[in-house]
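K.L.:
could you work out the structure for the sequence below:
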Amino acid sequence: MTIETNCLYYGDNLEILREHIPEGSVDLIYLDPPFNSKATYNVLFKEPTGRPSQAQVEAFADTWHWSLESERALQEIAASTIASAEVKDFMSVLPNLVGKRSDMMAYLTMMCVRLIELRRVLKDTGSIYLHCDPTASHYLKVLMDAVWGADNFRNELVWRRSQTRSSISRIFKRAHDVILFYSRTPEYYFNVQYKGLSETSIMLYSSVDKNGHYQAVPLLVSGKRNGETGKPWRGIDPNLQGKGGCHWITTPAKLDEYDEEGLIIWPGKKGGLPRLKYYLEKNKGVPVTDFWDDIDLIPSSSKEALGYPTQKPEALLERIIRASTEVGDVVLDPFCGCGTSVVSAERLYRKWIGIDITHLAIGLMKWRLKNIVPTPVFKVIGEPKDLSGAVELANTSKYQFQWWAVSLIGGQPYGDKKKGADTGIDGFLYYMDEKDKIKKAIISVKGGKNVNVGMIRDLGHVIEREKCDIGIFLSLEEPTQPMIEEAAKMGFYHSPVGKDYPRIQILTIDQILKGKSPDIPPWIAPIAPPKTSRKEGKQMVMETLAPGDRYDAS
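P.N.:
Numbers count the residues shown, from 1 in each chain. Predicted coordinates:
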């Protein structure tokens, strides 16, 4: 089996790990799985202006119950040839701690069987970061010890995700998540990360010469040493300095190098001690500790915010990726959600694999990748590629089919029909054909076998009600002749760009899969399009993408 990188996989991550990801092929795993919070999370989309839209869709329900799948997973763990004895022992006593067939047991069983597979695919030099919260972090840490080995635990990272001061009465405010960092073996790759100096620290570099700002730091520090750093240098015996003796910060040979480079400041008076010029430009910053308080949760007003409920900041993922991979390494996220790990890996020139079980998430990731690289090179595996696959998806899940169909033409899903009445709107496709006026075409998706002229009339009423100019009818079945005639009766929308566009357009899924797209006005540029970048260190390649550009699903 060879690994496919720069791939989005739709489906159950357990099956995908087993069928598609080879042993020892991944350098870094980041996972932000459901936390068993018993909450239902919605995606609140934004319009291109940045304003929140009415489009709110249920992303996932973070609730777990014991089921036949849980029972099957527990049996698989017991029979596994790659699970350690420690894992099997832990899972055998876990029911006594959390309750046999309890919701927590269901959640931890789901996590355990996947962690076993994740350990299989990680390289010996690789690392895994498991993002969790206090709901189950204490159980997950013991489970991680069992799967990865307690000796391979590296850090419990605390991310202060919130600084808000909302009122609370009977508990301390919850303001952090936990990220459990483990390696596959002791021979793991790690690159120390730094954060910027404070303004107070920068002010210490008050001296200036032709090489830049610097501060003069002592060459001697307290405490006697018997080695090279304790030997006299240039007539100065470090053992005779200070109250109890000192030692040099480096060897006499290195001190000679500093002096030849003009980095040592010699005292102007007798008895003074030399000091070292330490330049601001050479200061990497403050090494990052296991308490991350310098990365904020994404505010809803941020351009980065997608409205996805569990979205994490790109800065958080970039720190993890920089710490545990090099350019060209492979990053895997088996619970991809809106794809921040994938996007961050792409920006930093890493290879990546993203897995999610909803077409809503896959559609969001395709859109985000398109905003980084206008002609992205990646595959989507598990989505329908032909009409028979589309029919199978429609028969399996009405809502997954709708999300997938809307994403095929670059649209944005609308509404949550699980929670309310059908508004006749399944998505929007945005365009802007006159200055400062963002407009939208209404998308209606039909995955059933019986399509009729009444559906076209209904779409006509919806675009009139919503004061929109264009409606797009996406159908799994071929339209009837009366439907085609009814759409023609609606006439054309005359755009300010000087072209007429059919007010109601009927496209079949088969036509879209073969390359046909809706005929709507372009996104002209009276406002500045968003700027995005790919970066690694100081290298930055700026690219722009007009908001109306669409992802080519083919």
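K.L.:
please name the bridge partners of Phe492.
P.N.:
Under DSSP bridges, the beta-bridge partners of Phe492 are Pro502.
K.L.:
could you pull up phi and psi at Lys398?
P.N.:
Taking degrees, to the nearest 10, you get phi -60, psi -40 for the backbone angles of Lys398.
K.L.:
leaving out chain neighbours, which residue sits closest to it?
P.N.:
Gly447 (6.2 Å; Cβ to Cβ, 6 or more residues apart in numbering). (Each C-beta comes from the backbone N, C-alpha and C, glycine too.)
K.L.:
what's the burial count for the one you found?
P.N.:
The number of residues packed near Gly447 is 23, by other Cβ atoms under 10 Å.
K.L.:
again with Leu408
P.N.:
Using other Cβ under 10 Å, Leu408 has 26 neighbouring residues.
K.L.:
begin at 461 from here
P.N.:
Done: numbering now begins at 461, and the last item shifts to Leu868.
K.L.:
now it: how far from Phe861?
P.N.:
11 Å (Cβ to Cβ, to the nearest Å).
K.L.:
please apply the same query to His636.
P.N.:
Taking Cβ to Cβ as the measure, His636 and Phe861 are separated by 39 Å.
K.L.:
kindly report the same for Val553.
P.N.:
Separation of Val553 from Phe861 (Cβ to Cβ) stands at 43 Å.
K.L.:
so the two - more neighbours on which side?
P.N.:
Counted by other Cβ under 10 Å, Val553 and Phe861 do not tie: Phe861 has more neighbours, with 24 against 8.
K.L.:
quick check: what element follows whichever strand or helix holds Ala854 along the chain?
P.N.:
Per DSSP states H and E: Ala854 is located in helix 847-856. Tracing the chain C-terminally past helix 847-856 and defining elements by DSSP H and E, one meets helix 858-868 next.
K.L.:
the next helix-or-strand element following that following helix pairs with which strands, parallel or anti?
P.N.:
Once the chain leaves helix 858-868, the next helix or strand it forms, by DSSP H and E, is strand 872-873. Strand 872-873 has its sheet partners listed here by DSSP bridges as strand 887-891 (antiparallel).
K.L.:
who touches whichever helix or strand comes after the partner strand?
P.N.:
For strand 887-891, the succeeding helix or strand toward the C-terminus, using DSSP H and E, is strand 899-906. Outside strand 899-906, the residues that touch it by Cβ atoms under 8 Å, 6 or more residues apart in numbering are 507, 861-862, 865-866, 869, 871, 874, 884-893, 915, 918-919, 922-923, 926, 928-937, 978, 980-981.
K.L.:
could you pick out the buried ones from these?
P.N.:
507, 861-862, 865-866, 869, 871, 874, 884-893, 915, 919, 922-923, 928-936, 978, 980-981 (16 or more other Cβ atoms under 10 Å).
K.L.:
residue ranges for the helices of the stretch 461-610 of the chain, please.
P.N.:
Taking DSSP state H, counting those that start in this stretch to define them, one finds helices in the stretch 461-610 of the chain at 473-480, 528-539, 545-558, 563-581, 597-608.
K.L.:
so what does the fourth one touch, helix or strand wise?
P.N.:
Judged by 3 or more Cβ pairs under 8 Å, 6 or more residues apart in numbering; DSSP states H and E, helix 563-581 is in contact with helix 473-480, strand 486-491, helix 528-539, helix 545-558, helix 597-608.
K.L.:
if we go to 10 Å?
P.N.:
Using 3 or more Cβ pairs under 10 Å, 6 or more residues apart in numbering; DSSP states H and E, the elements in contact with helix 563-581 are helix 473-480, strand 486-491, helix 528-539, helix 545-558, strand 582-592, helix 597-608, strand 790-793.
K.L.:
ok, the shortest one next?
P.N.:
When contacts are defined as 3+ Cβ pairs under 10 Å, 6+ apart, helix 473-480 packs onto strand 467-470, helix 528-539, helix 563-581, strand 790-793, strand 811-816.
K.L.:
pLDDT of the last one, averaged?
P.N.:
Along strand 811-816, the predicted confidence averages to a pLDDT of 94.
K.L.:
neighbouring strands of that strand in the sheet, and parallel or not?
P.N.:
strand 467-470 (parallel), strand 790-793 (parallel).
K.L.:
can you state the direction angle for that strand and helix 563-581?
P.N.:
150 degrees (axes from the mean of the first three to the mean of the last three Cα atoms, to 10 degrees).
K.L.:
using CSV, write down the CA coordinates of strand 811-816.
P.N.:
Extracted C-alpha coordinates of strand 811-816, given in CSV (Å, rounded to 0.1, in the frame of the first residue of the first chain):
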residue,chain,number,x,y,z
LYS,A,811,1.9,17.2,2.8
TRP,A,812,-1.4,16.4,4.4
ILE,A,813,-4.4,14.0,4.8
GLY,A,814,-7.8,15.1,6.1
ILE,A,815,-10.7,12.8,7.0
ASP,A,816,-14.3,13.7,7.9
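K.L.:
got the angle for that strand vs strand 486-491?
P.N.:
Calculated by the same axes, to 10 degrees, strand 811-816 forms an angle of 30 degrees with strand 486-491.
K.L.:
give me the neighbour count for Ile944.
P.N.:
Neighbour tally, Ile944, other Cβ under 10 Å: 14.
K.L.:
and the gap between the closest residue in space to it that isn't next to it in sequence and Lys949?
P.N.:
Leaving aside its sequence neighbours, Ile944 sits nearest to Ile966 (Cβ to Cβ, 6+ apart; 6.7 Å). To Lys949, Ile966 is 13 Å away according to Cβ to Cβ.
K.L.:
looking at those two, which has the bigger crowd around it?
P.N.:
Per other Cβ under 10 Å, whichever of Ile966 and Lys949 has more neighbours is Ile966, with 23 against 11.
K.L.:
right, and the more buried one touches Pro942 too?
P.N.:
No - Ile966 is not in contact with Pro942 according to Cβ atoms under 10 Å; the separation is 11.6 Å.
K.L.:
what touches both of the two?
P.N.:
With contacts taken as Cβ atoms under 10 Å, 6 or more residues apart in numbering, Ile966 and Pro942 have Ile916 as neighbours in common.
K.L.:
got the phi and psi for Ile841?
P.N.:
Here Ile841 shows phi and psi, under degrees, to the nearest 10, equal to phi -110, psi 130.
K.L.:
run through the residues that contact it.
P.N.:
Counted by Cβ under 10 Å, 6+ apart, Ile841 has contacts Glu464, Cys467, Leu468, Tyr469, Tyr470, Gly471, Ile476, His480, Ile813, Ile815.
K.L.:
so which of those comes closest to Ile489?
P.N.:
Nearest to Ile489 among those, counting by Cβ to Cβ, is Ile813 at 9.6 Å.
K.L.:
and the pLDDT for the closest residue to Asp605 other than its chain neighbours?
P.N.:
Leaving out its chain neighbours, the residue that sits closest to Asp605 by Cβ to Cβ, 6+ apart is Phe613, at 6.5 Å. Phe613 is assigned 98 on the pLDDT scale.
K.L.:
Phe613: neighbour count?
P.N.:
15.
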